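Peer 1: Return atomic coordinates for the entry below.
(one chain, ligands or ions: 1)
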Amino acid sequence: MQHVNQGLTVWLTGLSGAGKTTTAVALAAAMRDRGSRVECLDGDSLREKIGRELGFGREDRMENVRRAVYISEMLNRHGVTAIVSMISPYREMRAYARAVLPHFLEVYVSCPVEVCEQRDVKGLYAKARRGEIAHFTGISDGYEPPECPDMVIRTDTETVAGNVQRILDAPALRRFLPPW
Ligand code: ADP
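Peer 2: Numbering: from 1, shown residues only. Sure thing, here's the model as predicted:
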């Protein structure tokens, strides 16, 4: 297998609470164990650090995606793999990321909305149900599931470790792990 000396962007898309961040952190740890240089870019952290003015309308969500793509591109250029965890609910956004980034692996983190709502990690589903959050993906805003993602992982039936192993085993990712 030809090893690639550039970075890859692994793009985790899915509903809030689907398990994007949890999977991203575990994947990053596993890749670092194998000697890869990896950085995680999380949608919420990006908003907090460099997107405080952004809301959740379509254009603002797209702007957050553009920023993530820009940073990923720079990281990739220097051989660092970017693991992006963002709801990125519209196909147009993921198509943009795929078009810009030279090495791109789209992973659909699939989990029924009912399970995400039961988990309600941040209490946001309850707020959205009470009508306190406009544009909440899966409740008051749409999510367009990827039509042909590079991978689909399920978090309602599979474990974090199992999903991480599947991603690591994907030939498209293995090319980016150090050969030693
Ligand atoms: P997101 O980043 O998609 O909003 P989080 O990763 O923050 O989601 O939260 C997912 C929640 O679901 C966490 O509390 C996590 O422990 C839990 N969870 C249960 N099973 C899984 C699984 N198989 N994969 C990922 N997360 C899981």
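
Peer 1: and Tyr108, backbone torsions?
Peer 2: phi -90, psi 110 (degrees, to the nearest 10).

Peer 1: ok, so what distance separates it from Gly19?
Peer 2: From Tyr108 over to Gly19 the distance is 11 Å, taken as C-beta to C-beta, to the nearest Å. Every C-beta, even on glycine, is put in place using the N, C-alpha and C of the backbone.

Peer 1: So which of the two has more stuff around it?
Peer 2: Shown here are Tyr108 and Gly19; by other C-beta atoms under 10 Å, Gly19 has more neighbours (26 against 21).

Peer 1: How about that one, nearest residue that isn't a chain neighbour?
Peer 2: The spatially closest residue to Gly19, leaving aside those adjacent along the chain, is Thr155, at 3.8 Å (C-beta to C-beta, 6 or more residues apart in numbering).

Peer 1: from what I can see the one you found touches Gly17, true?
Peer 2: No: judged on C-beta atoms under 8 Å, Thr155 makes no contact with Gly17 at a distance of 9.2 Å.

Peer 1: Common neighbours of these two, please.
Peer 2: Common contacts of Thr155 and Gly17 (C-beta atoms under 8 Å, 6 or more residues apart in numbering): Cys111.

Peer 1: so Arg98 sits in a helix?
Peer 2: Yes: Arg98: assigned to a helix according to DSSP: H, G, I helix; E, B strand; the rest coil.

Peer 1: for stretch 118-134, the distance to its chain's centre please.
Peer 2: In terms of C-alpha atoms, centre = their mean, to the nearest Å, the centre of stretch 118-134 is set 21 Å apart from its chain centre.

Peer 1: got the contact list for the residue in the chain positioned nearest to the ligand?
Peer 2: Residue nearest to the ligand within the chain (C-beta to the nearest ligand atom): Gly19, separated by 2.6 Å. By C-beta under 8 Å, 6+ apart, the residues touching Gly19 are 109, 111, 155, 160, 163.

Peer 1: Nearest residue to Met31 in space, please, no chain neighbours.
Peer 2: Nearest residue to Met31, sequence neighbours excluded (C-beta to C-beta, 6+ apart): Val38, at 4.8 Å.

Peer 1: meant to ask about Met86
Peer 2: That would be Gly43: by C-beta to C-beta, 6+ apart, it lies 3.6 Å from Met86.

Peer 1: cool, and Asn5?
Peer 2: Gly79 (6.2 Å).

Peer 1: Is the one you found in contact with Arg37, as I believe?
Peer 2: Yes: Gly79 is in contact with Arg37 according to C-beta under 8 Å; the separation is 6.3 Å.

Peer 1: So for the two, which residues contact both of them?
Peer 2: Between them, Gly79 and Arg37 share the contacting residues Gly7, judged by C-beta under 8 Å, 6+ apart.

Peer 1: which stretch of helix or strand covers Glu73?
Peer 2: Element membership for Glu73, per DSSP states H and E: helix 58-77.
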